[in-house]
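A.B. asks: Provided below are the primary sequence and the corresponding predicted coordinates.
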Amino acid sequence: DELKEAIQALKGNEDKIRCVLNKADRVGIQELMRVYGALLWSLGKVVNTPEVMRIFIGSFWEESYHRSELAELFDRERSSLIEDIKDLPQNSNIRKINEFAKRLRHVKVHSTVCDALRNKFSMLSMQSNANQQEAMLRPEQLRQTFNKLAKLHGIHIGDFPQPEEFRSTVEEIELKLWELPRLQSGYVEAMDKLLTDEMP
């Protein structure tokens, strides 16, 4: 639970975390594998990253290893960690680009969703705009809208928010969808061009 709370406090910065299994020379190979597997399993449940987190294994101090069976592995792990730390400035630029691309995809998703919902309002409806919006924000209706937009604009369905979360946010900020301006022509295409052609 403490590990979970600590990592959740770093939410959004998971790619910056480096996990080190220190004092690994104090246990035998079999016990080390059990500890490594348990740690990897625990991290997999609390770290929200597409790839399994790398765990550096070793005994990171200047003293000689207590057990020498895995000395070669520990030396390689130490070198890998040092190289990883040296690459941090370059990785920082990559993280900034990835974060910008992620935010741009979110902008694309939310702008297309809001525009699609705004266009559903009908002046001929017997219902008020508020009632029409309430019907549109039902989770099952939002799922249908998200699926249609995913196919129409080539957006991965995983980039869309959870329907319940989207509805909750709209209600919390008291957003009146029918008052939003229409999405300008070429807006989505410009974002696609930026994502596919102009970003490094």
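C.D. replies: Perfect, I can see it now. Numbers count the residues shown, from 1 in each chain.

A.B. asks: so for the host helix or strand of Val188, mean pLDDT?
C.D. replies: Of the helices and strands defined by DSSP states H and E, Val188 is found in helix 187-193. Mean per-residue pLDDT for helix 187-193: 86.

A.B. asks: before we move on, what about stretch 59-71?
C.D. replies: Stretch 59-71 comes out with an average pLDDT of 88.

A.B. asks: please apply the same query to stretch 119-135.
C.D. replies: Mean pLDDT, stretch 119-135: 87.

A.B. asks: list the buried residues of that stretch.
C.D. replies: Of the residues in stretch 119-135, those with enough neighbours to count as buried (16 or more other Cβ atoms under 10 Å) are Gln132, Gln133. Any C-beta I mention is one placed from the backbone N, CA and C, and that applies to glycine too.

A.B. asks: next: stretch 24-37.
C.D. replies: Buried residues in stretch 24-37, counted by 16+ other Cβ under 10 Å: Ala24, Asp25, Leu32.

A.B. asks: filter those residues down to just the ones in helices.
C.D. replies: Cross-referencing these with the helices (criterion: DSSP state H) gives Leu32 as the overlap.

A.B. asks: what's the closest of the buried residues of stretch 24-37 to Arg67?
C.D. replies: Taking Cβ to Cβ as the measure, Arg67 lies nearest Asp25 of those, at 4.9 Å.

A.B. asks: how far away is that closest one from Trp61?
C.D. replies: To Trp61, Asp25 is 10 Å away according to Cβ to Cβ, to the nearest Å.

A.B. asks: Ala101 too?
C.D. replies: Following Cβ to Cβ, the distance that separates Ala101 from Trp61 is 40 Å.

A.B. asks: kindly report the same for Leu70.
C.D. replies: When distance is defined by Cβ to Cβ, Leu70 is 16 Å away from Trp61.
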